[in-house]
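A.B. asks: here is my input, please return the structure:
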Amino acid sequence: MPQAVVQMKNITKTFPGTLANDNVSLTLHQGEIHALLGENGAGKSTLMNVLVGLYKQDSGEILINGAVMNFVSPKDAIASGIGMIHQHFKLVEVMTAKENMVMGSKGIALHGKQLAKEMQAICDQYGLDIKPNKKVYEMSVGEKQTLEIIKVLYRGAKILILDEPTAVLTPQEIKRLFAILRNMKAQGCAIVIITHKLNEVMEISDRITVLRRGQSIETVETKDVEINPLIEMMVGKKVDLELDKPHCCQETPLLKVDGLYVSTKENKHALEDINFDLFSGEILGIAGVAGSGQKEICETIAGLLPAEKGRIFFENANILGKTPRDIIRLGIRMGFIPEDRLGMGLVGSMDMVHNMILRDYPNQPGFFLHRKESTKKAERLVEQLEILTPGVHHPIKKLSGGNIQKVLLGREIDSNPKVLITAYPARGLDIGASYKIYDLLNEQKKKGVGVLFIGEDLDVLMALCDRIMVFCGGKMTGIVNPEEITKEDIGLLMAGGSLKQEVQS
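C.D. replies: Residues are numbered from 1 along each chain as shown. Model prediction:
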């Protein structure tokens, strides 16, 4: 039996109005990769934040190599050999790899050549590859993550926690990361991965602990379990994971984007020469690492972001430069579900009824609000979409993420759009709610709506979309048929490569 390097016993942590961890226990062995699995809000990050000293548990104890620990701050956890690689990297962009490695540690006074030598020694030991003098802003996302791992190893960490480590990586970068983790495991490191991607959990982990609503449900050996029972543990019920892909694409382009350029505040191109058609009865996906231009393409089409040049035709009418109000006045039926649900999509302090009124008001005659029709509409959506709310007059911000998303999607669908633009519609939702959203999008597709779907899960993009448009650094690197290519092909395009180059090589 491997040595238990971490024992978290009966950890309870509460926040005002929320029981985040309820008597949770977790054991981590030397030389293992342990997946911490659960839906958003299950308590995974809270539990790990207790382990790294960011939070203090209300009750329970933590043992490191058999000794009881009382972590007051992250410094105490680091001193005990625990390091955490967060989903959002904490690097100084203008500094080199070796300078970032020693930030906040005693080694900052070392000579540059000595730092490079120490960094190379860590790379050699764990099979890492990074240039010590390379500036962070010159690095790919995968290189930045490797640097974060080097940082914690330099501080002597043998217990590593990775929070959603594959969220912004291409399939090729994920393979490299997994090779690094296996090398670290072989060197005796104990690794925890916080994730919700089941296929990756099955591929990389030795054991899995499932959390649900703040409680630990079960710890299982990965080799002894299948995906469906894991899902049942996560959500508490059986979920049908079959995604329908009806073929109803027509030859009529509803939306045509031609030679679109959009600049950032720094006068750099956020979008550069974008050209594509969106057809009636089609779900067109957009894939790319974070910040590749996904947000800009949505907001430009919706009239929220000005373009430098180009044209956007909606059924032969050029809508580039039109405001959202102009677009509505032209009688153009377009639905937009932004990434920021409560910042841009809905008003959190308002109830469902008044959020419906906001969408309908430009089309209502006169100055007075017509609440009766909006109330009926809100009640109908609650029933149709199974929205869990005390009532249609309950503030939106007090609903769960999944129910907020259903309200937003339901409101936009109810406007009977011809084009529906959706950015990460299932982000942060449990599996059941996610598949309900996908079903709703398929229903719109069957009605002849053109759906522009921005997603981050390549498995979902490939299963749901008729075509996938791939972005890298504001440029479109290809439009592909998901039935004819692999995830690795899409990953190559996400990194700026070419499929033709790959075939030739």
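A.B. asks: where are the low-confidence patches of the stretch 1-150 of the chain?
C.D. replies: Low-confidence segments of the stretch 1-150 of the chain (pLDDT under 70): 1, 104-111.
A.B. asks: those helices in it, which residues are they?
C.D. replies: Residue ranges of the helices in the stretch 1-150 of the chain, as given by DSSP state H, counting those that start in this stretch, are 44-51, 74-79, 97-102, 112-126, 141-154.
A.B. asks: residue 440: which of those is closest?
C.D. replies: Of all the helices of the stretch 1-150 of the chain, it is helix 44-51 that lies closest to residue 440, at 27.4 Å by Cβ to Cβ. Any C-beta I mention is one placed from the backbone N, CA and C, and that applies to glycine too.
A.B. asks: mind checking how far that closest one is from the chain centre?
C.D. replies: 19 Å (Cα atoms, centre = their mean, to the nearest Å).
A.B. asks: ok, now stretch 39-48?
C.D. replies: 15 Å.
A.B. asks: that older thread, so for residue 62, which of the helices of the stretch 1-150 of the chain sits nearest?
C.D. replies: Proximity to residue 62, assessed across the helices of the stretch 1-150 of the chain by Cβ to Cβ, is greatest for helix 44-51 (6.6 Å).
A.B. asks: now residue 354: how far from residue 373?
C.D. replies: Distance check for residue 354 against residue 373: by Cβ to Cβ, to the nearest Å, it reads 13 Å.
A.B. asks: out of the two, which sits in the busier spot?
C.D. replies: More neighbours surround residue 354 than the other of residue 354 and residue 373, with 21 against 13 (other Cβ atoms under 10 Å).
A.B. asks: what about the helix or strand hosting that one, average pLDDT?
C.D. replies: Residue 354 is part of helix 352-360 when elements are defined by DSSP states H and E. Taken as a whole, helix 352-360 has a mean pLDDT of 78.
A.B. asks: what does stretch 412-424 give?
C.D. replies: Average pLDDT, stretch 412-424: 86.
A.B. asks: returning to that earlier point: pull out the buried positions in the helix or strand following the helix holding residue 354.
C.D. replies: Next helix or strand after helix 352-360 toward the C-terminus (DSSP H and E): helix 371-384. The neighbour-count criterion (16 or more other Cβ atoms under 10 Å) identifies 374-375, 377-378, 381-382 as the buried residues of helix 371-384.
A.B. asks: can you name the two of those residues that are farthest apart?
C.D. replies: Among these, 374 and 382 lie farthest apart (Cβ to Cβ), at 12.7 Å.
A.B. asks: dump the helices of the stretch 1-150 of the chain into JSON lines; add distance to residue 472 and mean neighbour count as well.
C.D. replies: Rendered in JSON lines, the data for these read as follows (distance: least, Cβ to Cβ, whole Å; neighbours: other Cβ atoms under 10 Å):
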{"stretch": "helix 44-51", "distance to residue 472": "29", "mean neighbour count": "24"}
{"stretch": "helix 74-79", "distance to residue 472": "35", "mean neighbour count": "16"}
{"stretch": "helix 97-102", "distance to residue 472": "23", "mean neighbour count": "23"}
{"stretch": "helix 112-126", "distance to residue 472": "27", "mean neighbour count": "15"}
{"stretch": "helix 141-154", "distance to residue 472": "11", "mean neighbour count": "21"}
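A.B. asks: for those, which one sits closest to residue 254?
C.D. replies: The nearest among the helices of the stretch 1-150 of the chain, by Cβ to Cβ, is helix 141-154 at 33.3 Å.
A.B. asks: could I have that closest one exported to PDB, CA atoms only?
C.D. replies: The C-alpha coordinates for helix 141-154 follow below in PDB (Å, rounded to 0.1, in the frame of the first residue of the first chain):
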ATOM      1  CA  VAL A 141      -0.700  28.700 -23.200                       C
ATOM      2  CA  GLY A 142       0.900  25.200 -22.700                       C
ATOM      3  CA  GLU A 143       4.300  26.800 -22.100                       C
ATOM      4  CA  LYS A 144       2.800  29.100 -19.500                       C
ATOM      5  CA  GLN A 145       1.300  26.200 -17.700                       C
ATOM      6  CA  THR A 146       4.600  24.300 -17.700                       C
ATOM      7  CA  LEU A 147       6.300  27.400 -16.200                       C
ATOM      8  CA  GLU A 148       3.600  27.400 -13.400                       C
ATOM      9  CA  ILE A 149       4.500  23.800 -12.700                       C
ATOM     10  CA  ILE A 150       8.200  24.600 -12.600                       C
ATOM     11  CA  LYS A 151       7.500  27.500 -10.200                       C
ATOM     12  CA  VAL A 152       6.000  25.100  -7.600                       C
ATOM     13  CA  LEU A 153       8.600  22.400  -8.100                       C
ATOM     14  CA  TYR A 154      11.300  25.100  -7.500                       C
END
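A.B. asks: got the contact list for that helix?
C.D. replies: 83-86, 89-91, 97, 100-103, 105, 107, 118-119, 122-123, 126, 128-130, 134, 136, 139, 160, 165, 168-170, 172-173, 176-177, 180, 184, 289-290 (Cβ atoms under 8 Å, 6 or more residues apart in numbering).
A.B. asks: buried subset of those residues as a ChimeraX selection?
C.D. replies: Restricted to buried positions by 16+ other Cβ under 10 Å, the ChimeraX selection for the contacts of helix 141-154 reads:
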select :83,84,85,89,91,97,100,101,102,118,119,122,123,126,128,130,136,139,160,165,168,169,170,172,173,176,177,180,184,289
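A.B. asks: next step: the contacts of helix 141-154 restricted to strands.
C.D. replies: Among the contacts of helix 141-154, the ones falling in strands (DSSP state E) are 83-85, 160.
A.B. asks: quick check, nearest of those residues to residue 222?
C.D. replies: Residue 222 lies nearest to residue 160 out of these, by Cβ to Cβ, at 18.1 Å.
A.B. asks: skipping its backbone neighbours, what lies nearest the closest one in space?
C.D. replies: For residue 160, ignoring the flanking residues on the chain, the nearest one in space by Cβ to Cβ, 6 or more residues apart in numbering is residue 191 at 4.9 Å.
A.B. asks: give the contact list for the one you found.
C.D. replies: Listed by Cβ under 8 Å, 6+ apart, the contact set of residue 191 reads 32-34, 159-162, 181, 184-185.
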